[in-house]
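Undergrad: Sequence and predicted model, in that order:
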Amino acid sequence: METNVSIPQLTTEQLQAARAAATLARRQRADLKAGVRSGAITLSKALDSAMGDDVLAHVKVVDLLKALPRVGEKRAAAVMERLDIAPNRRIRGLGRHQIAGLKAEFK
C-alpha cells in the first residue's frame, strides 16, 4: 500500500513569511555565537539562554565551542569526546551532565 503525500503549495505571502522567519532564526543563532566569540556572553550564559529558546537550541554544540576564544576544531572535538557528546549534537540534545561538564570546562 503506497501513500502519496505531496508537499502543500504555499502562497507567495506564506513563502515570504517562512523566509523571513528562517532569516530571523539564523540571525539570532549567529548573534549568540558572535556574543560568545567577543566575550560578551559566557558559554554558561549561552547554554542557559539556548535551553530556554527553541531557536537558539538548534545551534550545534561544536559551532558554539569553536566560537569561544582559543578553541578550535581539535580542542572542541577533544572536549566533546571527553564529555561523550556526539559531533553532530545540538544544544537541545544535551543532557544535564553534559551541560554541567561544558560549564565546568569553560568557566
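TA: Perfect, I can see it now.

Undergrad: Show me the longest helix that occurs in the chain.
TA: helix 12-38 (DSSP state H).

Undergrad: Go through stretch 49-64 and flag the buried ones.
TA: The neighbour-count check on stretch 49-64 (16 or more other CB atoms under 10 Å) flags 50, 53, 56-57, 59-62, 64 as buried. Backbone N, C-alpha and C define where each C-beta goes, glycine included.

Undergrad: With stretch 38-47 instead?
TA: For stretch 38-47, by 16+ other CB under 10 Å, it's 41, 43, 46-47.

Undergrad: ok, and what's touching that stretch?
TA: Residues from elsewhere that reach stretch 38-47 (CB atoms under 8 Å, 6 or more residues apart in numbering): 32, 35-36, 49, 56, 64-65, 68-69, 91, 94, 99, 102-103, 106-107.

Undergrad: one more time with 7 Å
TA: 32, 35-36, 64, 68-69, 91, 99, 102-103, 106 (CB atoms under 7 Å, 6 or more residues apart in numbering).

Undergrad: Are any of these buried, and if so which?
TA: Buried by 16+ other CB under 10 Å: 32, 35-36, 64, 68, 91, 99, 102, 106, out of the contacts of stretch 38-47.
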